[in-house]
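# what's the 3D shape of this:
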Amino acid sequence: MTAAREGETGAAGTHRLAGRLVGLGVTGSIAAYKAVELLRLLRAEGADVAVMLTPTAARFVGPLSFAALSRHPVETEMLDLLPDGRIGHIVLGDSADVMVVAPATAHWLGAMANGLAGDVVTATCLATAAPVVVAPAMDGDMWTHPATVANVARLRSYGYAVIDPDAGLLASGQSGVGRLAELPVIVDAIVAAVAARPVRQPDPAARPPIVAAARDADLVGRHIVVTAGGTREAIDPVRFIGNRSTGKMGVAIAAAALDRGARVTLIASNVEVPLPAGAIVVRAGSTADLNAALLRSVHAPDGSAGFDALIMAAAVADFRPLEAAATKLPRADALTIRLESTPDLLEEMAMIAHGLDSDGAATRQPLRPLPVLVGFAAETGSLERAPEKLRRKHVDLLVANDVAEAGSGFGTDTNRVSILAADGTREDLPLQSKRAVAERLLDRVALALDARDAAAQTNGTTDPQREPA
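Numbering: from 1, shown residues only. Take a look at the predicted model:
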């Protein structure tokens, strides 16, 4: 028997978890993003779901993703109180019909096996009399290590249902046993754990409270890659050629995407503002570093597209020294530096996405599903060149601004931009905060992704994706 998809009922024609409260604990595995889909499946089975995140899990997937789908406060700290003043993990431990920890890391297995309540997930499992289902995910050697084997055996002796991980491609790039078990298998184990038990706490007032639906949670399940900051090209070990970008615009986009439920990879060049918690951060100081980081992000391990949208907000240096000195250049009355052009990273990424070679011919496989590509164009004086840049760079959206305008340049908290689309439309936004610009841009990205997926379903060309544990 397999779990029903969202909007469907169980195999018997009924919601197999109707009336049940499931406590979903998520720990710091790279497979944490799969817990979002697990939450969807549990809701489709009729379950009420309340989520707990360890601090590391919250760095992989933001709490908003889970709050938007569960309609409950997400527990991240043991000392946090619910909006009504009750202790969240105690309320959940007392009212849940079943606790499920998916994915469970080797660290969490060891802590739980020894009763160490160092995070809200272990604390809640220690505080509950409900059955506990555990779905580990980790590297293969970690899974077979004697310590992990002993910890799993101890948890099973407590009566916990531990679902062995699957074999397949792992985050390390190796193949082995360690992938998170298939989500329908986990759902079936949860159904089995409560099958012979009455609903433990049917009174909604005794359960974690319902909260208002999260606003703009339209990027849940999406992977957004954002570049931010300015690249620097070395003249010598001390000096560089750079630009005035502070990274404020790119960071605002990354933060907004996280708050709308996306999984965000932020490729940060030289940034002068704090980076948002919850983003996967990749540092890239030079244009070459940024190019390498982008190329690593292009494909998922199964060969499909590595992201749903790429937003290139970084200010990439147009030139770099032909040769960088290995030692600090001495002070002199004059210095001549020979420069060469840097590659157009946005255009190169678009060519890869569309399967085009340097001549614009379709000579390779495009990315599937085709991601939404967004570029930025910093101009001075006018935006006349923006439409040509949009066409030449093969992007879906181009955000253009006049950096010479007061309040709209590098380092400001505001921006006035025009969003040009591949269909020829143009949207001129007023001067507003960079966060407001980010929200409007993400409105467009979310709509484009929904349209892409709807077209794929209509044409019968869905692209199943399998990613590592």
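# hey, let's count contacts and neighbours off CA atoms from now on
OK.
# for the most centrally placed residue in the chain, which non-adjacent residue is closest in space?
By Cα atoms, centre = their mean, the mean C-alpha position of the chain lies nearest to Arg263, the distance being 1.1 Å. Closest residue to Arg263 apart from its sequence neighbours, by Cα to Cα, 6 or more residues apart in numbering: His223 at 4.7 Å.
# any idea how far Ala189 is from Lys34?
Applying Cα to Cα, to the nearest Å, the value for Ala189 to Lys34 is 17 Å.
# same question for Val152.
22 Å.
# between these two, who's got more neighbours?
Comparing Val152 with Lys34 by neighbour count (other Cα atoms under 10 Å), the higher total belongs to Val152, at 25 against 20.
# picking that back up, does the residue nearest to the centre of the chain touch Asp218 like I think?
No - with contact defined as Cα atoms under 8 Å, Arg263 does not reach Asp218; the gap is 11.9 Å.
# which residues of the chain score low on pLDDT?
In the predicted model of the chain, residues 1-14, 172-173, 212-216, 458-469 satisfy pLDDT under 70.
# mind naming the longest helix for it?
In the chain, with assignment by DSSP state H, the single longest helix is helix 434-459.
# elements contacting that helix?
With contacts defined as 3 or more Cα pairs under 8 Å, 6 or more residues apart in numbering; DSSP states H and E, the packing partners of helix 434-459 are helix 248-259, strand 372-379, strand 414-415.
# which of the ones you listed sits most buried?
helix 248-259 (a mean of 26; mean count of other Cα atoms under 10 Å).
# for Ala58, which three-state class applies?
Secondary structure state of Ala58, per DSSP: H, G, I helix; E, B strand; the rest coil, is helix.
# just give the nearest non-adjacent residue to it, would you?
Gly278 (6.0 Å).
# can you check Thr128 too?
Closest to Thr128 by Cα to Cα, 6+ apart is Gly93, at 4.3 Å.
# so which strand or helix has the one you found?
With secondary structure defined by DSSP states H and E, Gly93 is part of helix 88-95.
# show residues contacting that helix.
Outside helix 88-95, the residues that touch it by Cα atoms under 8 Å, 6 or more residues apart in numbering are 21, 23, 50, 75, 78, 80-82, 120, 123-125, 127-130, 200-201, 206-208.
# distance between it and the chain's centre?
Distance of helix 88-95 from the chain centroid (Cα atoms, centre = their mean, to the nearest Å) equals 28 Å.
# and what of stretch 155-175?
23 Å.
# Gly261: how many residues sit nearby?
Gly261 has 27 neighbours, counted by other Cα under 10 Å.
# that one and Ala167, how far apart?
Taken as Cα to Cα, the span from Gly261 to Ala167 is 29 Å.
# repeat that for Asp203.
Remark: distance between Asp203 and Ala167 (Cα to Cα) = 41 Å.
# then Val149?
16 Å.
# may I have stretch 144-162 exported as PDB, CA atoms only?
Coordinates of each C-alpha in stretch 144-162 appear next as PDB, following Å, rounded to 0.1, in the frame of the first residue of the first chain:
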ATOM      1  CA  THR A 144      27.200   0.900   8.900                       C
ATOM      2  CA  HIS A 145      29.500   2.200  11.600                       C
ATOM      3  CA  PRO A 146      29.300   0.100  14.800                       C
ATOM      4  CA  ALA A 147      28.200   3.100  16.800                       C
ATOM      5  CA  THR A 148      25.200   3.800  14.600                       C
ATOM      6  CA  VAL A 149      24.300   0.100  14.400                       C
ATOM      7  CA  ALA A 150      24.300   0.000  18.200                       C
ATOM      8  CA  ASN A 151      22.200   3.200  18.500                       C
ATOM      9  CA  VAL A 152      19.700   1.900  16.100                       C
ATOM     10  CA  ALA A 153      19.400  -1.400  18.000                       C
ATOM     11  CA  ARG A 154      18.900   0.500  21.200                       C
ATOM     12  CA  LEU A 155      16.100   2.600  19.700                       C
ATOM     13  CA  ARG A 156      14.400  -0.500  18.400                       C
ATOM     14  CA  SER A 157      14.600  -2.000  21.900                       C
ATOM     15  CA  TYR A 158      12.700   1.100  23.100                       C
ATOM     16  CA  GLY A 159       9.900   0.100  20.700                       C
ATOM     17  CA  TYR A 160      10.800   2.700  18.000                       C
ATOM     18  CA  ALA A 161      10.000   1.700  14.400                       C
ATOM     19  CA  VAL A 162      13.300   2.400  12.500                       C
END
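# not counting stretch 101-108 itself, show me its contacts.
24-29, 31-32, 35, 121-122, 132-138, 142-143, 148, 180.
# buried ones from those residues, can you make that a PyMOL selection?
Remark: buried members of the contacts of stretch 101-108, expressed as a PyMOL selection using 16 or more other Cα atoms under 10 Å:
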select buried, resi 24+25+26+27+28+29+31+32+35+121+122+132+133+134+135+136+137+138+142+143+148+180
